[in-house]
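# quick check, what structure comes out for this input:
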Amino acid sequence: MGWQSKDVLRAAALIVALYLALRLLWVAHELFFVVFLGALFGLAVASAVDRLERFKVPRGVGAAMVVIGFLAVLAGFGAWMAPTLKAQSHELRAKLPEAVEKVELWVNRHQNGLVGLILGKGDSTSTANTPDSTGAAPDSVAVASSQDSDSAKTQAAAAAVSSDSSAKRSDTVTVKQATPTSKLKQKISARMGGATHYLFPFLSSTLSVFGGLLLIIFLSVYIAAEPGTYRDGMMHLFPHRARRRAGEVLSAMAVALRKWLVTQLIAMAVIGSVTTVVLLILHVKAAFALGLLAGLFEFIPTVGPILSSVPAIAMGFLDSPDKALIIAAAYIGIQFLENHLLIPLLMRGGVDLPPALTVITQALMAMVFGFIGLMVAVPLLAAVMVPIKMLYVEGVVGDELEPLDSGDDDD
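Below you'll find the model as predicted:
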């Protein structure tokens, strides 16, 4: 290849640096994701600060005003809804195990039908009672041919009842202690504990959560106050001949992330409000808590709405399976209207992410990094898709491709 010693050393140094960077990313991935969320919110705050700057408001003051105002609105809403949410959250925690138990009982009663085929539960009694070639059921033939032996066994059992009465009483106590309800609650607690340990490891320390939120808030203020400083610093990492193209890529990434975040925030408010109203109309218990849950989980596309619908459907089973089916249909209808009306209207000029690629990315990030990886999967994918389209598809392959959707960009 004609490489000299310095070329080999340079290539080796690049490989080692890349390896160390990946190792550092793996060890400190939670910090990296928190910084990414801070930058994401900083881009959205910067858009509001740009509008305040037209009224001669300094960027530093404007950034602090936007962030403090947003937090004040959240605090006011929380104080207004705190009593209702507190009462309904207690009701939700108290009623949810009972609702899950009713779901399980309903599934067990219908396990011989379509539900059993879906869940893979066969009918173990139907084959035992199937008639044979003579037209008589095998169980009835066996019972008819063994009546004498059954009578003898009955007499022996009657004689043993008196001697085993104390044992039966103890067995009854044991059975009462191991009812299906207690077993189900133990199973749910174990599963929820395992899911919490896997998906929410960062919630194990309140101080860590508080520190992460503070870091996101301060990063959003700093980035919104002086976006040019950080942009110029990143430009110094590229050669002069590549700075113009790098600036175009970074600007497109900023527009895509800003569009995605603003869209998600609006969708969270709309979906949370609509879901609460629908659940109140259907007279579902803990409607406000379930609506708030639907709004929060809307931040996680595709997977979040499914997760938020599960407790609502389970609560519907407290009244009847028909009501649970109506609630499921309502959630499906809300998501259909969102995906076909609200999101296309809000995402004009944003990034078009294929649904299959979005789901695969979410699954991969959740498996590797847990819940925080699931939370940042879609905005991270939106940011990565822009340089892939602009640098590889256009620059290397040579295909003409718009990195952002067609539409009037108001950013």
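# just want the most central residue of this protein.
Nearest to the geometric centre of the chain sits residue 304, at 3.8 Å (C-alpha atoms, centre = their mean).
# give the contact list for that residue.
Neighbouring residues of residue 304 by C-beta atoms under 8 Å, 6 or more residues apart in numbering: 297, 298. Where C-beta positions appear, they are placed from N, C-alpha and C, glycine not excepted.
# and it, what element?
Secondary-structure assignment from DSSP states H and E places residue 304 in helix 303-316.
# mean confidence for that helix?
On average, the pLDDT along helix 303-316 is 86.
# and that helix, what's buried?
Buried residues in helix 303-316, defined by neighbour count with 16 or more other C-beta atoms under 10 Å: 303, 304, 305, 308, 309, 311, 312, 313, 314, 315, 316.
# OK, contacts around the residue found closest to the fifth one once you drop the neighbours it is linked to in the chain?
Yep, that's residue 309 we're talking about. Nearest residue to residue 309, sequence neighbours excluded (C-beta to C-beta, 6 or more residues apart in numbering): residue 331, at 4.2 Å. Each residue near residue 331 by C-beta under 8 Å, 6+ apart is listed here: 275, 305, 308, 309, 312, 313.
# and these, which is closest to residue 284?
Closest to residue 284 out of these is residue 312 (6.5 Å), distances taken as C-beta to C-beta.
# check contacts around that closest one.
Residue 312 makes contact with 275, 279, 284, 290, 294, 327, 331 under the criterion C-beta under 8 Å, 6+ apart.
# adding secondary structure and distance to residue 372, write those out as a markdown table.
Listed next are those as a markdown table, based on DSSP: H, G, I helix; E, B strand; the rest coil; distance: C-beta to C-beta, whole Å:
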| residue | secondary structure | distance to residue 372 |
| --- | --- | --- |
| 275 | helix | 24 |
| 279 | helix | 29 |
| 284 | coil | 30 |
| 290 | helix | 24 |
| 294 | helix | 20 |
| 327 | helix | 29 |
| 331 | helix | 25 |
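# just give me the closest of these to residue 8.
residue 294 (57.4 Å).
# please work out how many residues are found near the closest one.
When neighbours are defined as other C-beta atoms under 10 Å, residue 294 has 27 of them.
# residue 28 too?
Neighbours of residue 28 (other C-beta under 10 Å): 12.
# now do residue 81
14.
# how about low-confidence regions in the stretch 251-400 of the chain?
Where the stretch 251-400 of the chain drops to pLDDT under 70, the residues are 347-351.
# please apply the same query to the stretch 101-250 of the chain.
Judged by pLDDT under 70, the stretches of the stretch 101-250 of the chain that qualify are 110-206.
# ok, now with 50
Within the stretch 101-250 of the chain, the stretches with pLDDT under 50 are 114, 117, 119, 121-148, 150-154, 156-181, 192-193, 195-200, 202-204.
# and the buried residues of helix 303-316, which is closest to residue 78?
The nearest one, if we look at those relative to residue 78 and count by C-beta to C-beta, is residue 308, at 18.8 Å.
# the closest one touches residue 300, doesn't it?
No. In this structure residue 308 lies outside contact range of residue 300 using C-beta atoms under 8 Å: 9.3 Å.
# strands along this structure, start to end?
Taking DSSP state E as the criterion, the chain contains no strands.
# got the angle between the longest helix anywhere in it and helix 303-316?
Criterion DSSP state H: the longest helix present in the chain is helix 59-109. Counting by axes from the mean of the first three to the mean of the last three C-alpha atoms, to 10 degrees, helix 59-109 lies at 50 degrees to helix 303-316.
# so how far is helix 59-109 off the chain centroid?
Taking C-alpha atoms, centre = their mean, to the nearest Å, one finds the center of helix 59-109 at 15 Å from the center of the full chain.
# check stretch 275-288 too.
That offset, for stretch 275-288, works out to 21 Å (C-alpha atoms, centre = their mean).
# quick check: buried residues in it?
Going by 16+ other C-beta under 10 Å, stretch 275-288 has these buried residues: 275, 276, 278, 279, 284, 285, 286, 287, 288.
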